[in-house]
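Enquirer: Fold the following and give me the result.
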Amino acid sequence: MKKNKLFYITLIISIIPLIVNLIAFPHMPNKFPVHWGPSGEPDRYGSRIEQLTMSALPLVLFVFLNFLPSIDPKRESYKKHSGAFSIINSVIILFLVITNLLGLFSGLGYDIPFQKVVPVLLGILFIVLGNFMTQIRHNYFFGIRTPWTLASEYVWKKTHRFGGYVFVVIGFVPLITTFIGSTGMYFFLAALAVGIALIMIYSYSVFKREKGNE
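Expert: Numbers count the residues shown, from 1 in each chain. Here you go, the predicted model:
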């Protein structure tokens, strides 16, 4: 797949948390918060080595996502949705970069309002995913991969169009509920579970209708 400017920008962004964590490593406490619950409070601690290791995740994911098209039997599809693929990759990587850096600064003693920041980031992430998901063409690695979308390009197209709307709605949930405190994240998790279930049901129903018309 041809590399565009966004590819190189995303590559640079994916390296930033690793560099920042390496610089900050001597100043990190031995006990480091590495996961936060819906309330915004740390619910798991690890070592500073774990924090440093997690800072490499955006770069690892970037390499992985950009390697997949080369081994996909439907690699030609990536040429048709290269723009959407690049944007979705960039937003996912940026989300991981920001959350890692927020975790780093929190562990270093800065007051980070996770209960407000993370819902906003999640909302933006899902809204972007929903808007560009409809452009993703039939492939075996990237997108909404159910048994029925993989079996039929028609089902793939219909499911991604429906799934795009669902993801946008899911994205607005944390943006709206962030104003009601920590319980807002529970609304997001509930919306996510319901949304995934609806997408699965819709995908199967479209597949059944298509087979019934044959």
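
Enquirer: For the biggest helix by length in the chain, give the mean pLDDT please.
Expert: The longest helix of the chain (DSSP state H) is helix 184-212. Across helix 184-212, the average pLDDT comes to 91.

Enquirer: and if you look at stretch 156-175?
Expert: In this model, stretch 156-175 has an average pLDDT of 94.

Enquirer: Mind jotting down where the strands sit in this structure?
Expert: 31-36, 42-47 (DSSP state E).

Enquirer: Of all these, which one comes closest to Phe167?
Expert: With CB to CB as the criterion, Phe167 lies closest to strand 31-36 of the strands of the chain, at 22.9 Å. C-beta here means a position set from N, CA and C on the backbone, and glycine is covered the same way.

Enquirer: list the buried ones in that closest one?
Expert: Neighbour-count burial for strand 31-36 flags 32-34, 36 (criterion: 16 or more other CB atoms under 10 Å).

Enquirer: still on that earlier bit, can you name every helix or strand that the longest helix of the chain contacts?
Expert: Contact here means 3 or more CB pairs under 8 Å, 6 or more residues apart in numbering; DSSP states H and E; on that basis helix 184-212 packs against helix 114-133, helix 147-151, helix 153-177.

Enquirer: Pipe those into CSV and attach distance to Phe141 and mean neighbour count per row.
Expert: Below are those laid out as CSV (distance: least, CB to CB, whole Å; neighbours: other CB atoms under 10 Å):
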stretch, distance to Phe141, mean neighbour count
helix 114-133, 14, 20
helix 147-151, 10, 17
helix 153-177, 13, 20
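
Enquirer: any chance of those in CSV, with distance to Met185 too?
Expert: Output for the helices and strands packed on helix 184-212, formatted as CSV (distance: least, CB to CB, whole Å):
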stretch, distance to Met185
helix 114-133, 6
helix 147-151, 29
helix 153-177, 7
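
Enquirer: Could you check the strands of the chain and tell me which one is nearest Leu59?
Expert: Of all the strands of the chain, strand 31-36 sits nearest to Leu59, with 17.8 Å by CB to CB.

Enquirer: separation between the residue nearest the centre of the chain and Glu76?
Expert: Closest to where the C-alpha atoms of the chain average out (CA atoms, centre = their mean) is Ile92, at 4.4 Å. From Ile92 over to Glu76 the distance is 23 Å, taken as CB to CB, to the nearest Å.

Enquirer: With Ile176 instead?
Expert: According to CB to CB, Ile176 stands 40 Å off from Glu76.

Enquirer: Kindly report the same for Val117.
Expert: Here the criterion is CB to CB. By it, Val117 lies 40 Å from Glu76.

Enquirer: tell me the contacts of the residue nearest to Ile9 when sequence neighbours are not counted?
Expert: Closest residue in space to Ile9, ignoring its immediate chain neighbours: Ser90 at 7.3 Å, by CB to CB, 6 or more residues apart in numbering. For Ser90, the contacting residues are 6, 9-10, 13, by CB atoms under 8 Å, 6 or more residues apart in numbering.
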